[in-house]
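Enquirer: fold the following and give me the result.
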Amino acid sequence: MTFFNNRSIIVDAYREGLYVFIHMKNKLFMNFYSGENLIKEIIVADDISAEFDVLIRDNGEVYCLYESIGYDLKYIIIKKGKIIKRERLGDKRAKIYELNIVNTNKDINLFYLKKSSDYMGNIEIWHGLLNNNNKLKEQEIVKTGANNIINPIRVLKTDRKILIGYYNENKICIKSYDVGSKEWEDTQVLSDTIQDKLYLNMVKEDNYLHIVYSQYKNENLIIKYIRFLYHNDSIEKDIEKIISNESNATHPLLIIQSGLLWIIWKESINIYSRYSMDGGNSWSSIYIWKDSKRKDYLLYKYISNSIKEGINLDHTFGTFYPDIKFIGFGELENVDKVAQK
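Expert: Predicted structure coming up:
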């Protein structure tokens, strides 16, 4: 069937319901479910660019921040499926990309990219701090070289830090923000090869940092996996492995479920995956998921304010609402094995 690349977010709000946000053209749609029943389907914004993100505050409010088509930042506060406030945040600015928001203590952290004005094709990574009085303080944290494409940043929150994964040309880099001191640490280069890379995903578990990305090989794309030892703020490469066959392997994801580490990716319209039972030391066969052949699906960002034992999930492929079903991990039903070449 068809993969739709619309930015889409699922918000699992404990005891309140399930929100599904989908951007289409200049509109942001929101579906609100209580149990299995659709309670409300509304357009929450009709002036949105491609950039928005969502988080859940401690009081259960859903906070949605988006960039308007006029390049303003605007926010919407939603409670139990009802919009209780909407407002513009700050003045007009340059176009932004890869907007991510993260809640820490009493602050909302904004992370986004901007094209540099130095005419060198560089990309700037910016960090904004939004306090309870909606006062926004922003700063550029790093300038990176772009290889003719704006690659994504990945934002990972740990107990006391926020990690930003990004590309500087072909180098994969990490920048760490100390939540307590509100200070940025020096950039660490994790991977430095001459091959062009696309996409980026990472997950942290115990003393390991797992990273996946697409890399060009013989004019094809493969999925590469690297495991790093991450302890006392030091990061050291531990394992590196090619996960996929040479093809058009894109959009790699990392999910941990019930002790299994899954790597999921897309080739053409099909979803493939492999899993590791020992944290990345060894890997299963490659599986193709038949639902990706039969059903339309999206790439969802997943946000929850409840602790679910045994699962670490922030992005997943899934079918369209109202019958949302995650694809690429879990029980090996409706799958076929694929030979590794």
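
Enquirer: how far does the helix or strand hosting residue 265 sit from the chain's center?
Expert: Assigned by DSSP states H and E, residue 265 belongs to strand 260-267. Offset of strand 260-267 from its chain centre (Cα atoms, centre = their mean, to the nearest Å): 14 Å.

Enquirer: relative to that strand, what are the paired strands and their orientations?
Expert: Sheet pairing here is set by DSSP bridges, and for strand 260-267 it gives strand 249-257 (antiparallel), strand 270-276 (antiparallel).

Enquirer: for the host helix or strand of residue 191, packing partners?
Expert: Assessed by DSSP H and E, residue 191 sits inside strand 188-192. Applying 3 or more Cβ pairs under 8 Å, 6 or more residues apart in numbering; DSSP states H and E, we find strand 188-192 packed against strand 171-178, strand 220-231, strand 234-242. For glycine as for every other residue, the C-beta is placed from the backbone atoms N, C-alpha and C.

Enquirer: run through who's touching the following helix or strand past that strand.
Expert: Next in sequence after strand 188-192, counting helices and strands by DSSP H and E, comes strand 197-205. Residues from elsewhere that reach strand 197-205, judged by Cβ atoms under 8 Å, 6 or more residues apart in numbering: 149, 151-154, 156, 158, 163, 165-167, 170, 172, 209-216, 221, 230, 250-256, 261, 279, 312, 314-315.

Enquirer: the residue lying closest to residue 305 once chain neighbours are set aside: neighbouring residues, count only.
Expert: Nearest residue to residue 305, sequence neighbours excluded (Cβ to Cβ, 6 or more residues apart in numbering): residue 56, at 4.2 Å. Residue 56: 21 surrounding residues under other Cβ atoms under 10 Å.

Enquirer: surely residue 56 and residue 63 touch.
Expert: Yes - contact criterion Cβ atoms under 8 Å: residue 56 and residue 63 qualify, at 7.5 Å.

Enquirer: please report the distance of residue 100 from residue 118.
Expert: Using Cβ to Cβ, to the nearest Å, we find residue 100 at a distance of 24 Å from residue 118.

Enquirer: looking at those two, which is more packed in?
Expert: residue 100 (20 against 9).

Enquirer: assumed that one was part of a strand.
Expert: Yes - counting by DSSP: H, G, I helix; E, B strand; the rest coil, residue 100 is part of a strand.

Enquirer: okay, and the beta partners of it?
Expert: What pairs with residue 100, by the bridge criterion (DSSP bridges), is residue 111.
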